[in-house]
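In: Task: produce atomic coordinates for the following.
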Amino acid sequence: MPIPSARTSESGLWTRRGIAVAKILSAAALWSTIGLASVFSGNYVVLSLFRSATAAAISLPLFRSTSRAAITSGLLLGVLFTVYPLAASLAGLGPAAYLLYTAPLWTTALSAVFGERPSAYDYISVGLVLAAVGLMVEASQRGSINPLGLIAGLASGVVYGSYIAVARRYSRVGGELHTSLGAMPYTLAVAAPAAIVYIAVFGPGDLTRPALFGAYLGVFCTIIPYRLFSSGVREIGAVEASVIATLEPVLAAVWGYVFLGQAPTHTILLSYALITLAALLTALKSRRQ
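Out: Presented below is the predicted three-dimensional model:
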């Protein structure tokens, strides 16, 4: 049997990393349609309930977990499922998706707590994202973005960053199923009470569209992409994964412009330029490794 050479091992490493990056990009492309589905549903709160219920119904026969990893991840995702559609509906598809990607700020902090040391590249990427956030805050002060939508978007970033850090921590010890499929039933612990309160205050309204778009989100924006993401993030750092996935806000802005006529302002375009720089920096980091 031939002995694998260093070149062969290096090629295998690049192949694994390439597959991991492809998984994360695919997940980001699917996630980019969440905002559009939220707007079309007509009821983003009830939509979240149907999304969680669909994801739970699919995941339970495949994998069940009562672990801390599953419960923690499920609660975080439940909050994300509820808050992010609010941001998309109020701030617009592009801005909401971009604000979601303040996640590297929180992922870096939490990953450090979990023992992962971010590199200088990670810190620079986070700095670029932070600068873009400042531009979005300025746009909000000028009235270009709904302030409540801005707050909801930033909150979704905090929750998403927390989930990424948790998923990264448990994936390193073989817990990726617990943070993906195993987490889905626990999202109902957040989505169900929120929907019940909303219906009690405002009435049920038309449930057909929230049910249809919720089912779509449950399959194509939850089960499939979260499985892809949790599998891919095991091969790369948590901060790097969150920066690579910034394809999502770019595509979300495209869907907003094409389907809803939401043209980005110069401030938003500049924010996207900063995101692109962060993504290029991540690619440079991967090449050096």
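In: make it CA atoms for all contacts and neighbour counts henceforth
Out: OK.
In: right, and Phe229 touches Ala22 too?
Out: No. Phe229 is beyond contact range of Ala22, at 9.6 Å (criterion: CA atoms under 8 Å).
In: Give me the more crowded residue out of those two.
Out: Using other CA atoms under 10 Å, the more surrounded residue of Phe229 and Ala22 is Phe229, with 26 against 17.
In: Skipping adjacent residues, who's closest to that one in space?
Out: Once flanking residues are discounted, Phe229 sits nearest to Ile24: 5.1 Å by CA to CA, 6 or more residues apart in numbering.
In: which residues does Arg17 contact?
Out: By CA atoms under 8 Å, 6 or more residues apart in numbering, Arg17 lies in contact with Glu235, Ile236.
In: again, but for Ser32
Out: Going by CA under 8 Å, 6+ apart, the list of residues near Ser32 reads Ala97, Glu248, Pro249, Leu251, Ala252.
In: Going through these, which ones are buried?
Out: Neighbour counting by 16 or more other CA atoms under 10 Å classes Ala97, Glu248, Pro249, Leu251, Ala252 among the contacts of Ser32 as buried.
In: which of these sit farthest apart?
Out: Greatest spatial distance among the buried ones among the contacts of Ser32 (CA to CA): Ala97 and Leu251, at 9.0 Å.
In: Just put the contacts of Ser32 in CSV and tack on distance to Leu148, pLDDT and secondary structure.
Out: What follows is the contacts of Ser32, written out as CSV (distance: CA to CA, whole Å; pLDDT from 0 to 100; DSSP: H, G, I helix; E, B strand; the rest coil):
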residue, distance to Leu148, pLDDT, secondary structure
Ala97, 15, 89, helix
Glu248, 21, 83, helix
Pro249, 19, 83, helix
Leu251, 23, 91, helix
Ala252, 19, 93, helix
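In: I'd like to know which helix or strand in this structure has the lowest mean pLDDT.
Out: helix 238-244 (a mean of 68; mean pLDDT, DSSP states H and E).
In: and the residue nearest the centre of the chain, what does it touch?
Out: Central residue of the chain (CA atoms, centre = their mean): Tyr160, 5.7 Å from the mean position. When contacts are counted by CA under 8 Å, 6+ apart, Tyr160 touches Leu76, Leu77, Leu80, Leu100, Ala103.
In: Lowest pLDDT pick from those?
Out: Of all those, Ala103 carries the smallest pLDDT score, 75.
In: Which parts of the stretch 51-200 of the chain are helices?
Out: Taking DSSP state H, counting those that start in this stretch as the criterion, the stretch 51-200 of the chain contains helices spanning 68-91, 93-100, 103-113, 120-141, 147-171, 176-179, 188-202.
In: Where does pLDDT dip in the protein?
Out: Where the chain drops to pLDDT under 70, the residues are 1-14, 104, 109, 111-112, 114-116, 118, 237-240, 242, 279-280, 282-289.
In: Apply 50 and report the result again.
Out: Applying pLDDT under 50 to the chain flags the ranges 1-3, 5-8.
In: Can you give me the neighbour number for Ala189?
Out: Counted by other CA under 10 Å, the residues lying close to Ala189 total 17.
In: In contact with Arg234, which residues are there?
Out: Ala20, Arg168, Ser171, Arg172.
In: Sticking with the closest residue to the third one other than its chain neighbours, tell me its helix or strand.
Out: Yep, that's Ser171 we're talking about. Closest residue in space to Ser171, ignoring its immediate chain neighbours: Arg234 at 5.8 Å, by CA to CA, 6+ apart. Following DSSP states H and E, one finds Arg234 outside all helices and strands.
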